[in-house]
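**Q** here is my input, please return the structure:
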Amino acid sequence: CSRKPLWQSSFMLSVPKMKLRLALNSCCCPTYNRTRVGSTHMGDTPGSLRILGRVASVSCDWQGTCSHMPANMGSVCRCVVKIWRKPGCRLVLAAVFSACLGVLASRMFIGSVAVVEGKSMMPNYPPGIHLYAAPISTPLERGDVVLLDDGNDDYAVKRIVGLPGETVQVWRGCVFINRKLLVEPYLPAHTYTFPVERERRGATFILGEDEYFVLGDNRSISADSRSYGPVHRHRIKKRVPMPQDFVCAYFGHYTLPEPGGTVIRPLDQHPAGPSPF
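**A** Residues are numbered from 1 along each chain as shown. The predicted structure follows:
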């Protein structure tokens, strides 16, 4: 871009029913300038031209040509510049931006506190208890308590029971994973898991890739994967850290009966102890 002033150069600006000869007192680059056209004064803001009480706006590109732009854009620019020149306004804007950035970073990388509403996770998580929910940085495991998006306004608190690629079967009050009985020591004694339709003897759920089967600890009233199906990984938002004395679920020594059978049968080979998962 040439920096040579164009004092002697001029061009014609076409306005409806009139022509004005404008003399440029600046270079081809769009810089801060002041221009006079006869007795008409060019404002302090580049590109603002007042003609007979009306405002005709022009803007210069890097080739020195002019194009029309909305007249109110100049007012907006002047207002922004005036605000930005005040140190106090810059300080307030910086504080607001820092606060918003801090809140966003804390939710994404630090965690948040959630308040439990409802009774679907009783007795382990009664209503009104505060939970610390941390971002998920490691693979999800069976027994993890998570916050997930179940389609309602607030996140739901559920426990992961089935992992991707597994087959979950609910039969006669028990949960089976790949036909093996799942023992859940974190549940109260005599807790039974039934399908949503009580008249059905059992229900089978085949989990796809990145799909999880979640249940509430209060199985009799919880709305979980038994009603809305497996949950995809992107719907699981955060995880609640487990206490130090938490006992994981493990597979028992029994398996589902063959089709047509009515009694669960023991496995052929009994391991020395429970196999935690």
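
**Q** how about the helices in the stretch 151-277 of the chain?
**A** Using DSSP state H, counting those that start in this stretch, the helices of the stretch 151-277 of the chain run over 225-228.

**Q** how about the strands in it?
**A** Counting by DSSP state E, counting those that start in this stretch, residue ranges of the strands within the stretch 151-277 of the chain are 156-162, 167-171, 174-177, 180-183, 202-206, 211-215, 231-232, 236-240, 250-255, 265-266, 275-276.

**Q** redo those as a markdown table? Include distance to Met121, mean pLDDT and mean neighbour count.
**A** Yep, even glycine has a C-beta here, placed from its N, CA and C like the rest. A markdown table is the format used below for those (distance: least, CB to CB, whole Å; pLDDT from 0 to 100; neighbours: other CB atoms under 10 Å):
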| stretch | distance to Met121 | mean pLDDT | mean neighbour count |
| --- | --- | --- | --- |
| strand 156-162 | 5 | 97 | 24 |
| strand 167-171 | 18 | 95 | 21 |
| strand 174-177 | 16 | 96 | 20 |
| strand 180-183 | 18 | 95 | 20 |
| strand 202-206 | 20 | 92 | 14 |
| strand 211-215 | 10 | 98 | 24 |
| strand 231-232 | 16 | 97 | 20 |
| strand 236-240 | 10 | 95 | 19 |
| strand 250-255 | 21 | 92 | 17 |
| strand 265-266 | 32 | 78 | 12 |
| strand 275-276 | 22 | 48 | 12 |
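
**Q** now the helix or strand harbouring Ala99: average pLDDT?
**A** Using DSSP states H and E, Ala99 sits in helix 87-105. For helix 87-105, mean pLDDT rounds to 72.

**Q** report the buried residues of whichever helix or strand comes after it.
**A** Next helix or strand after helix 87-105 toward the C-terminus (DSSP H and E): strand 112-115. Residues of strand 112-115 classed as buried: Ser112, Ala114 (neighbour count, 16 or more other CB atoms under 10 Å).

**Q** angle of the following helix or strand past strand 112-115 against strand 156-162?
**A** Sequence-wise, the next helix or strand downstream of strand 112-115 (DSSP H and E) is strand 130-135. Inter-element angle recorded for strand 130-135 and strand 156-162: 60 degrees (by axes from the mean of the first three to the mean of the last three CA atoms, to 10 degrees).

**Q** perfect, I'm done here.
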